[in-house]
Every structure is written in structure tokens, then in C-alpha cells.
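A.B. asks: Predicted model follows, preceded by the sequence.
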Amino acid sequence: MLDTRNRPLRDLRISVTDRCNFRCTYCMPKEAFGSDYEFLPRANLLTFEEIDRLARVAVSLGVTKVRLTGGEPLMRAGISSLVRMLREIPGITDLTMTTNGSMLTRHADSLAAAGLDRVSVSLDAIDDDVFRSMNDVGFGVRGVLEGIEAAAYAGLGPIKINAVVKRGVNAHAVLEMARYFRGTGHILRFIEFMDVGTKNGWRLDDVVSGMEILRLIHARFPLEPMEPMYAGEVARRYRYADGAGEIGIIASVTAPFCGGCTRLRISAEGSAYTCLFASSGRNLRSLLRSGSGDAALQTTLEELWAERSDRYSEVRSEHTDRPERVEMSYIGG
Ligand code: SAM
Ligand code: SF4
Ligand code: SF4
């Protein structure tokens with residue numbers, strides 16, 4: 001099954017909640033996600049059975065990798081049960097989760113026992129003050145580091161650690177992060193600050209380019225490029241010349257990778273999005289709840305994918321009018 005740009009469907013990213021215990025300034029700024037913000041009502045969230053059904057159909061269409069995300073996926077009650085259900089679907093070779101790590105110490109064992117393969121943990125700085133101000137709820141670095149270690153101990157590694165770099169905020173902390181994670185076996189990845197949604201006040205000037213990050217680290221700890229692990233890998237990989245491990249750079253803004261984008265995203269309320277920057281999705285929840293069978297669901301996904309032509313990051317500069325777009329916490333990163 002190919003879209004209009006000959007891209008197959010391979011990855012399914014499922015947001016299991018739009019709620020989060022953090023208010024990262026680049027994702028859910030407090031001004032927009034305050035105490036009066038209305039999150040999705042419980043009844044609107046896909047149930048685990050509905051997610052399982054959707055995933056089975058997606059797998060029959062070519063999906064091999066499934067990632068649970070959010071919002072913060074560990075805020076969804078009973079999340080390990082969902083992992084257990086998805087683990088039973090033949091054909092899923094990679095079952096992963098992206099989390100802010102704040103509750104991982106509590107959940108790592110049950111996630112691993114349920115069959116999760118790996119976790120990616122978001123951590124933007126190793127400097128406590130910088131991190132606390134970036135998550136904007138005062139959560140300390142230590143809690144996340146403990147979560148990372150708990151996950152590694154439970155067998156959820158190698159762990160990818162994702163850091164969004166924003167100029168004037170944590171760009172100065174890049175080297176310190178690289179130094180901290182060298183030799184730990186965890187893979188640190190730097191992500192360019194993206195213009196997802198419309199609430200994070202994104203400006204091109206705030207983006208620290210992947211090239212700039214690379215130069216910064218290379219000057220202190222020499223790096224060598226590595227081959228991608230698989231076709232369509234979004235992170236460019238580099239290994240430390242002294243053998244202390246590898247890092248990744250996800251340069252979604254300055255070096256877009258739409259040509260290899262094989263991802264379908266499902267929001268917590270069951271809308272399907274063929275691009276992170278889409279302004280609208282296809283409502284699958286009503287279909288799931290309509291009583292029609294899997295064949296109808298399959299046809300809808302086939303049609304959606306066949307029509308797909310998205311390549312937002314490659315044509316970003318043409319979108320200066322910034323049309324309405326869904327938020328990262330809603331669609332899942
Ligand atoms: N709450 C979980 C977490 O933070 O890992 C999962 C959801 S979060 C939306 C997924 C990823 O998106 C995180 O790694 C986060 O850093 C990233 N992200 C959010 N907003 C972003 C932005 N404006 N630019 C780049 N990455 C962003
Ligand atoms: Fe929450 Fe993740 Fe967004 Fe931060 S990036 S506010 S942890 S959903
Ligand atoms: Fe995929 Fe859209 Fe990102 Fe391009 S901009 S890589 S099509 S999600």
C-alpha cells in the first residue's frame with residue numbers, strides 16, 4: 001500500500017491521552033494549557049479494545065512498528081494492559097513508548113512484563129534549573145534519570161533520550177548532556193524545535209540547527225557518521241570516535257525527511273492524521289463505534305493512505321500564513 005509519493009505505511013503512533021503532568025514550554029505552554037483548559041472527556045478517548053482493533057487493521061495494511069505516546073502515556077490508567085493486548089498482535093516487530101520519564105520508576109517493570117520492547121525518554125537538559133524551567137512544573141532531573149535507569153534495568157533499552165533544543169533556553173546545555181550520556185549505553189538524540197501546533201510561539205530564530213549542534217559536540221568529542229539502522233530513519237546517527245557510544249540528530253526543520261515518512265498518527269480520540277502538521281484528521285472513532293466491521297475500517301485507512309501527499313517540512317517556508325494545526329500533545333509526537 002503506497003501513498004501518492006510512493007511511501008508505504010509502516011509506523012503507527014497512537015496517542016493514548018491528551019493530558020500531561022508537564023507543561024513543556026515548547027509543547028503545552030501554561031498560557032494555553034492552564035487550569036481552565038478542557039481536555040478530552042473520558043468517553044471520547046478510544047478504549048483499549050478500540051485501539052487494539054485499529055492496530056490489527058493497520059498491521060494488516062503493512063504496519064510493523066507501533067509507538068504509544070500522548071500527552072503523557074503513563075497518565076492513562078492501566079496502560080500496561082494495552083501493551084499486553086498489542087503485544088499479542090502478530091506482525092508488530094517493534095512496540096515502543098515515548099514518555100517524559102517522570103513516572104517510569106513506577107511503571108518500568110510492568111511495561112516490560114507486558115511486552116514493551118523499548119522506551120524513548122524525553123529529557124531536555126541535565127542542568128536541574130534549566131530542566132525545571134523547561135517542563136515548567138518544577139520537576140527535577142533526578143526523577144527522570146531514575147526512571148531511565150529503572151527502564152534500562154527492566155530491559156527496556158537501549159534507551160533513546162530525546163532533547164528538544166531551543167535557542168536561548170538549553171542550547172548552552174547540549175555539550176553537558178553529551179558528556180553525561182557518553183558511555184552509558186543510552187542514545188542521546190537532539191531534536192530541532194518544531195513549529196507543531198499554533199500555541200508554542202515558534203520562531204525560526206529559536207531553532208538551533210542540527211548542524212550547529214553537531215559542530216558543538218564534534219569540537220569537544222569527535223564524531224563519525226554512521227549508516228542508518230533502517231530505511232527512513234529520521235535521526236542521523238553519529239558515533240564517538242573514541243567508542244563511547246552514539247548520538248542522533250533529528251533535523252526536522254533544516255533537513256526534512258518527508259520522503260521517507262511512513263507514519264500514521266492516531267489522536268487519543270481516534271482521529272487519523274497522515275502528517276504531524278495536518279490541520280484535520282479522519283474520524284475513525286465513529287466508524288469504530290458504528291457497528292460496521294473491520295472491512296470498513298480497512299477501506300477507510302486504505303483510502304486515507306492512497307490520498308496522502310503530505311510533505312509539510314519540505315515546503316515549510318510556503319506556509320507563512322500558519323493555518324490552524326493540531327497540537328503535539330493531542331496528536332502525539
Ligand atoms: N509526553 C511524552 C514525552 O514528552 O516524551 C510523549 C509525548 S511528547 C508530545 C513527544 C515528543 O515530542 C517529546 O520528545 C517532545 O520533546 C517532542 N516535542 C513536543 N513539542 C515539540 C516541538 N515543538 N518541537 C520538537 N519536539 C517537540
Ligand atoms: Fe507533556 Fe511530552 Fe508535551 Fe512535555 S513534550 S508537555 S512531557 S506531552
Ligand atoms: Fe512526515 Fe509530515 Fe513530518 Fe514530513 S512533515 S516528515 S510528512 S509528519
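C.D. replies: Looks like it came in fine. Ligands and ions are numbered 1, 2, ... in the order given.
A.B. asks: make it CA atoms for all contacts and neighbour counts henceforth
C.D. replies: Fine.
A.B. asks: and the spatially closest residue to residue 206 that is not a sequence neighbour, how many residues sit next to it?
C.D. replies: In space, and not counting its chain neighbours, residue 206 is closest to residue 167: 4.7 Å by CA to CA, 6 or more residues apart in numbering. Look at residue 167: counted by other CA atoms under 10 Å, it has 15 neighbours.
A.B. asks: Following the helix or strand containing residue 300 in sequence, what is the next regular element?
C.D. replies: Using DSSP states H and E, residue 300 sits within helix 294-307. The element immediately downstream of helix 294-307 (helix or strand, assigned by DSSP H and E) is helix 328-331.
A.B. asks: That following helix and ligand 2, any residue contact?
C.D. replies: Yes. Using CA under 6 Å from any ligand atom, we find that helix 328-331 touches ligand 2 at residue 329.
A.B. asks: quick revisit: which neighbouring elements make contact with the helix holding residue 300?
C.D. replies: Here helix 294-307 touches helix 48-60, helix 285-288, going by 3 or more CA pairs under 8 Å, 6 or more residues apart in numbering; DSSP states H and E.
A.B. asks: Looking at those helices, spot the one closest to ligand 3.
C.D. replies: With CA to the nearest ligand atom, the closest approach to ligand 3 among the helices and strands packed on helix 294-307 belongs to helix 48-60: 17.3 Å.
A.B. asks: Show me what from the chain comes close to ligand 2.
C.D. replies: For the chain, the residues in contact with ligand 2 (CA under 6 Å from any ligand atom) are 20, 22-24, 27-28, 70-72, 100, 329.
A.B. asks: Just give me the least confident of those.
C.D. replies: Taking the residues of the chain next to ligand 2 together, the minimum pLDDT is found at residue 329 (84).
A.B. asks: For burial, what's the neighbour tally of the residue in the stretch 201-333 of the chain positioned nearest to ligand 2?
C.D. replies: Residue nearest to ligand 2 within the stretch 201-333 of the chain: residue 329 (4.8 Å; CA to the nearest ligand atom). Residues contacting residue 329 under the criterion other CA under 10 Å number 22.
A.B. asks: Same question for the one 4 residues further on.
C.D. replies: By other CA under 10 Å, 19 other residues sit near residue 333.
A.B. asks: do residue 176 as well
C.D. replies: 13.
A.B. asks: now swap in residue 286 and tell me
C.D. replies: Other residues within reach of residue 286, judged by other CA under 10 Å, total 13.
A.B. asks: Kindly report the same for the one 5 residues further on.
C.D. replies: With neighbours defined by other CA under 10 Å, the count for residue 291 comes to 9.
A.B. asks: host element of residue 194?
C.D. replies: Under the criterion of DSSP H and E, residue 194 resides outside all helices and strands.
A.B. asks: I should have written residue 147 there, sorry.
C.D. replies: Per DSSP H and E, residue 147 falls inside helix 141-153.
A.B. asks: What pairs with the next helix or strand after that helix, parallel or antiparallel?
C.D. replies: Of the helices and strands lying after helix 141-153 in sequence (DSSP H and E), the nearest is strand 160-165. Here strand 160-165 has these sheet partners by DSSP bridges: strand 118-122 (parallel), strand 187-192 (parallel).
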